[in-house]
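**Student:** sharing a model that was predicted from the sequence below.
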There are 2 protein chains.
Amino acid sequence: MGRVSDAKERLMESVSELIWTGSYGSTTIDQICDKAGVKKGSFYYFFDSKADVATTALEADWEKRRMELDALFSATVPPLERLRRYCEFSYRVQSEMKARYGHVLGCPLHSVGSEVCTQEDQLGAKILGILEYKRKYLESAIRDAAAAGLIEAPDAAAKSRCLFAYYQGLATQARIQNNLEILRDAVQGTFDLLGVREPSSAAA
Amino acid sequence: MGRVSDAKERLMESVSELIWTGSYGSTTIDQICDKAGVKKGSFYYFFDSKADVATTALEADWEKRRMELDALFSATVPPLERLRRYCEFSYRVQSEMKARYGHVLGCPLHSVGSEVCTQEDQLGAKILGILEYKRKYLESAIRDAAAAGLIEAPDAAAKSRCLFAYYQGLATQARIQNNLEILRDAVQGTFDLLGVREPSSAAA
DNA sequence: AAAGTAGTTGACTATTTAGTTAAGTAGAAT
DNA sequence: ATTCTACTTAACTAAATAGTCAACTACTTT
């Protein structure tokens, strides 16, 4: 079996961080290697290209985050409460990033997706798939909320696309403006967008 | 006065197109020069760097588009009608891009803004400024709509930020998915988000 | 027509970057 | 213990890229 190593994981962590704090295009393989403390020969032992390592890393990050989202969007939680918790969770994550890197970083799926979608087909497709998974959480929360009579939403899929666009816009704006406060509007915006009857109280 | 030239303008057009169809990071000075039919020496005669030409080009593009937006958001047009026209205008622009380049391109301010905001301070600041101008159109339309009793919006600025995030998200998603149909939801989404009373009829 | 100015050119340097390779090393399996 | 395999390394090539410069050209002004 030969010797074992966590170099592959270190490379994936490095590329995630570099892409998130900077951009895909400005991240070089040399940078990735340096940050991971790995020589370039080893990089090419594990990966074919920058697109390859980025794709693999995004997929791995998603698998890690998936559990958290499953918990946040648990069917045992009242549907509107799920959305509220998701907004608060996102705020917390972004706060941490701002504290650690001095900058609000938004969602890497959106920034990288928008950056590479006209050029890196495989990476773009991977991102598209993950984003679609994330939208599903919203869709089922919305459907449950409608079933509970909390909102009017005959087309939950359409509403979820709308809400998803709003979230994406918020995250990107927070990144561009480097301003956490923008994310403070998320809960209110969600409820407005869904036409929740009693806008002040949280959920039912 | 020496000889005159439109090389500077050609360079600005080239960088705009390359950044929009691809990305800021993947665009090189050599590419910009080739597309403009200008030698690199001339490039550096007019500009200091890629960031410089990009900043100048975005500013120029904005000045061109400004007039169109002024007309769309004319105070003589009923406020909700302004928003509807803006959505339809955006759809038309994106259709053209898709026809010309084979890809929905979204809004360069958002994609480039998100890409460079952690690295290129000056370019980031310029983008931020232009985005803020664009938001103002929404804010005043919302304020006018509220004054006319068409919607409930005690805080027009907050509502405009919300709507702006939604638009930005739509544009970015349309780009990532290369799907024009996403933009078809814009009018309905706008009216839902603003809580327009009669959702079917256009405006008043 | 002379002179000055705005813009052009190609050839150049230096650096960064992606990607390769052959030889070596550490740990696991037998 | 040795053999096999997974991984590492340094040194390398080739290409791409940013940026410079001195000589040149075309236009305008006087």
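**Tutor:** Cool, got the structure. Because the structure is a prediction, the values reported are computed rather than measured.
**Student:** so residue A:151, which state does it fall into?
**Tutor:** State at residue A:151, reduced to three classes by DSSP: H, G, I helix; E, B strand; the rest coil: coil.
**Student:** next, count neighbours for it.
**Tutor:** Neighbourhood size, residue A:151 [other C-beta atoms under 10 Å in any protein chain shown]: 20. C-betas here are computed from N, CA, C, even on glycine.
**Student:** surely it and residue A:142 touch.
**Tutor:** Yes: Residue A:151 lies in contact with residue A:142 (C-beta atoms under 8 Å); the separation is 7.2 Å.
**Student:** okay, and the common contacts of the two?
**Tutor:** residue A:194 (C-beta atoms under 8 Å, 6 or more residues apart in numbering or on different chains).
**Student:** name the helices or strands packed onto the lowest-mean-pLDDT helix or strand in chain A?
**Tutor:** Of all helical and strand segments in chain A, the minimum by mean pLDDT, DSSP states H and E falls on helix A:186-194, at a mean of 95. On a contact count with 3 or more C-beta pairs under 8 Å, 6 or more residues apart in numbering or on different chains; DSSP states H and E, helix A:186-194 meets helix A:79-101, helix A:156-177, helix B:156-177, helix B:186-194.
**Student:** report the angle between the shortest one and helix B:79-101.
**Tutor:** Helix B:186-194 and helix B:79-101 are oriented at 140 degrees to each other (axes from the mean of the first three to the mean of the last three C-alpha atoms, to 10 degrees).
**Student:** name the SS class of the closest residue to residue A:19 other than its chain neighbours, please.
**Tutor:** Leaving aside its chain neighbours, residue A:19 sits nearest to residue A:27 (5.5 Å; criterion: C-beta to C-beta, 6 or more residues apart in numbering or on different chains). Counting by three-state DSSP, the backbone at residue A:27 sits in coil.
**Student:** residue A:27: neighbour count?
**Tutor:** Residues lying near residue A:27 (other C-beta under 10 Å) number 22.
**Student:** separation between whichever residue of chain A sits closest to chain B and residue B:34?
**Tutor:** Residue nearest to chain B within chain A: residue A:25 (2.0 Å; C-beta to the nearest C-beta). Separation of residue A:25 from residue B:34 (C-beta to C-beta, to the nearest Å): 19 Å.
**Student:** between these two, which is the more surrounded one?
**Tutor:** residue A:25 (20 against 14).
**Student:** excluding sequence neighbours, find me the nearest residue to that one.
**Tutor:** residue B:25 (2.0 Å).
**Student:** residues contacting residue A:26?
**Tutor:** Residue A:26 touches B:25, B:119, counting by C-beta under 8 Å, 6+ apart.
**Student:** who's in contact with the residue of chain A closest to chain B?
**Tutor:** Counting by C-beta under 8 Å, 6+ apart, residue A:25 makes contact with A:115, B:23-26, B:115.
**Student:** and these, which two are the farthest apart?
**Tutor:** Maximum pairwise distance among those (C-beta to C-beta): 9.9 Å, between B:26 and B:115.
**Student:** one step back: for the residue nearest to residue A:25, what are phi and psi?
**Tutor:** Note on residue B:25: backbone dihedrals following degrees, to the nearest 10 are phi -60, psi -30.
**Student:** do you know how far it is from residue A:7?
**Tutor:** From residue B:25 across to residue A:7, the span is 26 Å (C-beta to C-beta).
**Student:** please apply the same query to residue A:39.
**Tutor:** For residue A:39, the distance to residue A:7 - C-beta to C-beta - is 9 Å.
**Student:** and residue A:111, by the same measure?
**Tutor:** 27 Å.
**Student:** pick out whichever of these two has more residues nearby.
**Tutor:** The residue with more neighbours, out of residue A:111 and residue A:7, is residue A:111; 29 against 17, by other C-beta under 10 Å.
**Student:** can you tell me which helix or strand the more buried one belongs to?
**Tutor:** Here residue A:111, judged by DSSP states H and E, is contained in helix A:108-116.
**Student:** helices or strands up against that helix?
**Tutor:** In terms of contacts (3+ C-beta pairs under 8 Å, 6+ apart), helix A:108-116 is packed against helix A:7-21, helix A:50-72, helix A:121-147, helix A:156-177, helix B:108-116, helix B:156-177.
**Student:** spell out which residues of chain A are next to DNA strand C.
**Tutor:** Residues of chain A found near DNA strand C (C-beta under 7 Å from any atom of the strand) are A:1-4, A:28-31, A:40-41, A:44, A:49-50.
**Student:** contact partners for the residue in chain A that DNA strand D sits nearest to?
**Tutor:** Closest to DNA strand D within chain A is residue A:2: 1.8 Å, counting by C-beta to the nearest atom of the strand. For residue A:2, no contacting residues are found, by C-beta under 8 Å, 6+ apart.
**Student:** that one in helix, strand or coil?
**Tutor:** With three-state DSSP as the basis, the three-state label of residue A:2 is coil.
**Student:** wait, isn't residue A:32 in contact with residue A:17?
**Tutor:** No: between residue A:32 and residue A:17 there is no contact under C-beta under 8 Å: 9.4 Å.
**Student:** between these two, which one's more packed in?
**Tutor:** residue A:32 (27 against 19).
**Student:** for the more buried one, what is the enclosing helix or strand?
**Tutor:** Using DSSP H and E, residue A:32 sits within helix A:29-36.
**Student:** which residue sits closest to residue A:158, ignoring its sequence neighbours?
**Tutor:** Distance criterion C-beta to C-beta, 6+ apart; nearest residue to residue A:158, sequence neighbours excluded, is residue B:185 at 6.6 Å.
**Student:** counting neighbours, what do you get for that neighbour?
**Tutor:** The burial count for residue B:185: 18, using other C-beta under 10 Å.
**Student:** got it, and the one 10 residues further on?
**Tutor:** Residue B:195 has 15 neighbouring residues, counting by other C-beta under 10 Å.
**Student:** so it is in contact with residue A:192, correct?
**Tutor:** Yes: using C-beta under 8 Å, residue B:195 is in contact with residue A:192, at 6.8 Å.
**Student:** if we can go back for a sec, which one of the contacts of residue A:25 is nearest to residue A:147?
**Tutor:** residue A:115 (38.2 Å).
**Student:** that closest one and DNA strand C: what is the separation?
**Tutor:** To DNA strand C, residue A:115 is 15 Å away according to C-beta to the nearest atom of the strand, to the nearest Å.
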